[in-house]
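[1] Fold the following, please.
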Amino acid sequence: MASRTSNPFTFLQQVRQETAKVTWPSRRETMISTLMVLVFAFIACVFFFVADFAMGYAIELILGLGR
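    Reported below is the predicted structural model:
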């Protein structure tokens, strides 16, 4: 369990020490990950658009609404 400290200077030193231990992604890894997120978001957008359109069309055919 972490010790309680009330000194803000000590806290900031500990934060810097912990931040130095982090392995940060390279610029290339960040760009690839960002591109993957955008591509999959676009694919999800197209999928849900088509699914919504198809379900709306099916409901219209079944119930005869919207004519």
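[2] report the longest helix in the chain, please.
    Criterion DSSP state H: the longest helix present in the chain is helix 27-63.
[3] Show me what it is packed up against.
    Where contact means 3 or more C-beta pairs under 8 Å, 6 or more residues apart in numbering; DSSP states H and E, helix 27-63 is not packed against any helix or strand. From N, CA and C alone the C-beta is placed, and that goes for glycine too.
[4] Report the mean per-residue pLDDT for the host helix or strand of residue 18.
    Per DSSP states H and E, residue 18 falls inside helix 8-20. Mean pLDDT, helix 8-20: 91.
[5] Pick out the residue nearest the middle of this protein.
    residue 37 (7.5 Å; C-alpha atoms, centre = their mean).
[6] need the helix or strand of the chain with the lowest average pLDDT.
    helix 8-20 (a mean of 91; mean pLDDT, DSSP states H and E).
[7] Pull that one out as CSV, backbone CA atoms only.
    Listed next in CSV are the C-alpha coordinates belonging to helix 8-20 (Å, rounded to 0.1, in the frame of the first residue of the first chain):
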residue,chain,number,x,y,z
PRO,A,8,3.0,18.2,-3.0
PHE,A,9,6.7,18.4,-4.0
THR,A,10,7.2,14.7,-3.0
PHE,A,11,4.1,13.7,-4.9
LEU,A,12,5.3,15.4,-8.1
GLN,A,13,8.7,13.7,-7.7
GLN,A,14,6.9,10.3,-7.5
VAL,A,15,4.8,11.1,-10.5
ARG,A,16,7.9,11.9,-12.5
GLN,A,17,9.5,8.7,-11.4
GLU,A,18,6.5,6.6,-12.4
THR,A,19,6.1,8.4,-15.7
ALA,A,20,9.7,7.6,-16.6
